[in-house]
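K.L.:
Sequence below, structure please.
(chains A and B)
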Protein chains: 2
Amino acid sequence: MAKNIIIIGSGAAGMTAASTARATDPKANITVFTEDEDIAYSPCVIPWVLEGKTEWKDIIMHTPDFYAKEKNIDVLIKTKVESVDDTAKTVTANGKTYNYDSLVLATGGKVFIPPIQGIDLKGVFIVRTVRDGKNIENALKDAKKVVIGGAGVIGLEIALALINLGKDVTVIEMMDQVIPRIADKDMADPIQKYLENKGVRFIMKAPIQAVNGTERVSSVTAAGLEYPCDMIIFATGVRANIDIAKQLGLDVGQLGALAVAPTLQTYKRGRLVPDIFAAGDVIQCQSAIMPGPTMSQLGSTAVKEGIVAGKNAAGEKVHFGGVASPWVSVIGDKQIAGTGLSMGLASWYGIEVVIGKAIGFTRARYYPGGKELIVKVLADKTTHRIIGAQIIAGEEATGRINWLTSAAIEGVTAEDFIVRSENAYCPPTSMVQDVVIKAVKDLCINLKSQ
Amino acid sequence: MAKNIIIIGSGAAGMTAASTARATDPKANITVFTEDEDIAYSPCVIPWVLEGKTEWKDIIMHTPDFYAKEKNIDVLIKTKVESVDDTAKTVTANGKTYNYDSLVLATGGKVFIPPIQGIDLKGVFIVRTVRDGKNIENALKDAKKVVIGGAGVIGLEIALALINLGKDVTVIEMMDQVIPRIADKDMADPIQKYLENKGVRFIMKAPIQAVNGTERVSSVTAAGLEYPCDMIIFATGVRANIDIAKQLGLDVGQLGALAVAPTLQTYKRGRLVPDIFAAGDVIQCQSAIMPGPTMSQLGSTAVKEGIVAGKNAAGEKVHFGGVASPWVSVIGDKQIAGTGLSMGLASWYGIEVVIGKAIGFTRARYYPGGKELIVKVLADKTTHRIIGAQIIAGEEATGRINWLTSAAIEGVTAEDFIVRSENAYCPPTSMVQDVVIKAVKDLCINLKSQ
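P.N.:
Numbers count the residues shown, from 1 in each chain, chains lettered A, B, ... in the order given. Now for the predicted structure:
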């Protein structure tokens, strides 16, 4: 008899799980439930749609109709799952009950909004779905002053998009640096400076305390000061959406997200739940760098997890490894990228870090058009292993961070990296010795002097 | 007493060895002998100077005067070393004798010109030094039809430069594909096609048999046919320049270049020569991919070797590892890059290869401006380890090839790469799942079906 596979959530993890399950088992009945009205899009692209570089219709790659016709997958949009019964193995939605043999929880994350007054006023937005993006786009027509709550990469990308649209933009951030969790202050500061030069105003070390106004937002209070605005966009980070998981009594890990096995099976009171899988922003991962849990919450990670969950839900047995979570953000002419542990994350693991840093160019010094390239590499003081890196570059940060990710994942020490690593060289695309290697050399010098 | 360090050769290996020796030993007497008149430049940039994208004066980074004043290194240009005596430990040049404690042979390579008639005619050029480049530049003023002998990356880069200068360009290649040794035919063919569309004429499977003319070249004969031309540029590959090494009786390896220890010390009748080091195009390396020798002959490799030779010549003990020899060539709007073994090199090692290939874009599908990206990955059929890769891309090939190089060097299998590897994602710089990963997935499927 054909297997019933149910997936809750239509983000990168959910839709990838559905497609992968279909590729694995051509006969299964596959159903996706989602509260969203659009599916199969990358929310990461929203800042660029707002700026007009691409359009909503272009970023939505497939419709439910496509999935029905091409992949024989039922996608029920605008459909909230009311309950899951893991004894009867049923999902209830729209008052109907659906049986499952395998269930994949891909319920994603919820934008965290601080529990303060005024968040229900008109003019308060989050940025997560295409619907959120369209709401912002509409509101921007009448808005001059915009406050963005949170200076993570999404907040910064939107800040620049809005500056380019001619808005007055203020970013309010609780910490003393932009991109606080995953970038170090010395690497984040140049990006803040760049955005300040573009006209973005930053209010740092300022927790947002209230959204003020009657009916519509008229100002925001942060660290005791009031900032007038026509709208506020919260880009204050994402928490795992564990509502259904909680209702099921599934185990939640130390970081507030679902604990999962390498097979992406969930746990209940410490026991593996064989038929309930989870993938995407709702789970916590194992770090590939240090023994311990970590939150990844990247689209790229969600896709990888979706593949594993989809295969296993369809009866295969494949594993999801640890994550270094490489990321990159394009902010105007600048790219900032990172991988593995930042100083902050390393201190969460209780490990001491030695750093190396180098500044150079993306091309040979004598080849025109080279852009500045700053590479910072972090090693574990005890093992000398490369545990993280960050890059600021005018171009070509992505490949470099993937390269360093590979070295970090394979457990390469700084010293071994110098002996073993090589870089391809052509004057228009790199220096003869890439700045990545120069940074690791600096790291080796600093490790010696410890 | 201060150590005497003598370096023969002023290319990337020689000058890096000199600077590194100085950084290692501030007191040593360091002398560089070179037949060249310019030093401290990257010959790789010559095609772009010919095209006018940069200038001779800009590509020469330092003068002998700079080395004398800033680094206390004597550089004797236009100076041929007449003999070396490894018993007396002396070098003779300009009729004078110089003592050495450590000698570094960085004599580089010689452009291979087939032993045919007419190679002494006017209008016959090689491309190796700035002088060669200037000679070509001068001759181009009166030349309309140019033949390029050899379709390696230098030949192709020059071919496009000359097309952009409005010349009639014919590339004559002995093999049945461009970039024959290091690229596979399926990856080389699109580059040939691209150049053909730009107007380059290719004559394939055609060994050059004669250069014809009286005094000046008037045509070239290849595979029995005659091709009229005003000049011919030989870009037919480089052989190790082992003249001095031979005179010294140093051991030459299977590939016709100097055999060296990991310390880059040379051998004489199987015994380590403690005080004669070698670096750059004159040596053969160990492959980091397969047990066995390989020729690297890249500027990036020469720099790495120069560092090791320079340190060890100055009294340190560091090692030079194996090489995967990643390379990249920019040919107009196309970049082609490779690492590790090509199909041809793999067959030289006697190993069977399974391949994977994927085609996609350098950016998210829905982000404007993405360029085509083709990735091919090679695995050893027995071990499933990734042993090589090639990339054609409109942009950002370099970082991706360095990433795959890191995986190949660390001995990662295709299957482990899928479980462990991650890529940073941002719509303007990559697809959510990079094409590199898609190519390795295809490889895993093909490995399974073996």
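K.L.:
now the helices for chain A?
P.N.:
A:12-24, A:46-51, A:56-59, A:64-71, A:130-140, A:153-164, A:185-198, A:243-248, A:299-313, A:343-348, A:397-409, A:414-420, A:435-448 (DSSP state H).
K.L.:
looking at those helices, which is closest to chain B?
P.N.:
The closest of these to chain B is helix A:397-409. By CB to the nearest CB, the value is 1.4 Å. In this view, the C-beta of every residue, glycine as well, is placed from N, C-alpha and C.
K.L.:
Quick check: mean pLDDT of that closest one?
P.N.:
Summarised as a single mean, pLDDT over helix A:397-409 is 97.
K.L.:
So which elements touch that helix?
P.N.:
For helix A:397-409, the helices and strands in contact under the criterion 3 or more CB pairs under 8 Å, 6 or more residues apart in numbering or on different chains; DSSP states H and E are strand A:327-331, strand A:334-340, strand A:372-380, strand A:386-393, helix A:435-448, helix B:397-409.
K.L.:
contacting residues for the nearest residue to A:Asp333 once chain neighbours are set aside?
P.N.:
Spatial nearest neighbour of A:Asp333, chain neighbours left out: A:Gly394 (5.9 Å); criterion: CB to CB, 6 or more residues apart in numbering or on different chains. Contacts for A:Gly394 (CB atoms under 8 Å, 6 or more residues apart in numbering or on different chains) come out as A:333-335, A:362, A:371-373.
K.L.:
Distance of A:Gly394 relative to A:Gly95?
P.N.:
Using CB to CB, to the nearest Å, A:Gly394 is found at 55 Å from A:Gly95.
K.L.:
With A:Arg400 instead?
P.N.:
If you go by CB to CB, the gap between A:Arg400 and A:Gly95 works out to 53 Å.
K.L.:
So which of these two has more stuff around it?
P.N.:
A:Arg400 (32 against 6; other CB atoms under 10 Å in any protein chain shown).
K.L.:
contacting residues around the spatially most central residue of chain A?
P.N.:
Against the mean C-alpha coordinate of chain A, by CA atoms, centre = their mean, the closest residue is A:Leu298 at 3.0 Å. Shown in contact with A:Leu298 (CB under 8 Å, 6+ apart): A:325, A:327, B:425.
K.L.:
Check A:His384 too.
P.N.:
By CB under 8 Å, 6+ apart, the contact list for A:His384 reads A:413-415, A:447.
K.L.:
Run a quick neighbour tally on A:Pro190.
P.N.:
Neighbour tally, A:Pro190, other CB under 10 Å: 15.
K.L.:
what pairs with the nearest residue to it once chain neighbours are set aside across the strands?
P.N.:
Nearest non-adjacent residue to A:Pro190, counting by CB to CB, 6+ apart: A:Ile392, 5.8 Å away. Applying DSSP bridges to A:Ile392 gives these bridge partners: A:Ile336, A:Ile374.
K.L.:
Now, of the contacts of A:Gly394, which are buried?
P.N.:
Neighbour counting with 16 or more other CB atoms under 10 Å in any protein chain shown marks A:334-335, A:362, A:371-373 as buried within these.
K.L.:
Between those, which sits nearest chain B?
P.N.:
Using CB to the nearest CB, the buried ones among the contacts of A:Gly394 come closest to chain B at A:Gln335, 6.7 Å.
K.L.:
pretty sure the closest one contacts A:Ala397?
P.N.:
Yes. Using CB atoms under 8 Å, A:Gln335 is in contact with A:Ala397, at 3.9 Å.
K.L.:
Give the intersection of the neighbour lists for those two.
P.N.:
A:328, A:391, B:429.
K.L.:
how about a markdown table for the contacts of A:Leu298, with pLDDT added?
P.N.:
Formatted as a markdown table, the contacts of A:Leu298 follow (pLDDT from 0 to 100):
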| residue | pLDDT |
| --- | --- |
| A:Ser325 | 97 |
| A:Trp327 | 98 |
| B:Tyr425 | 96 |
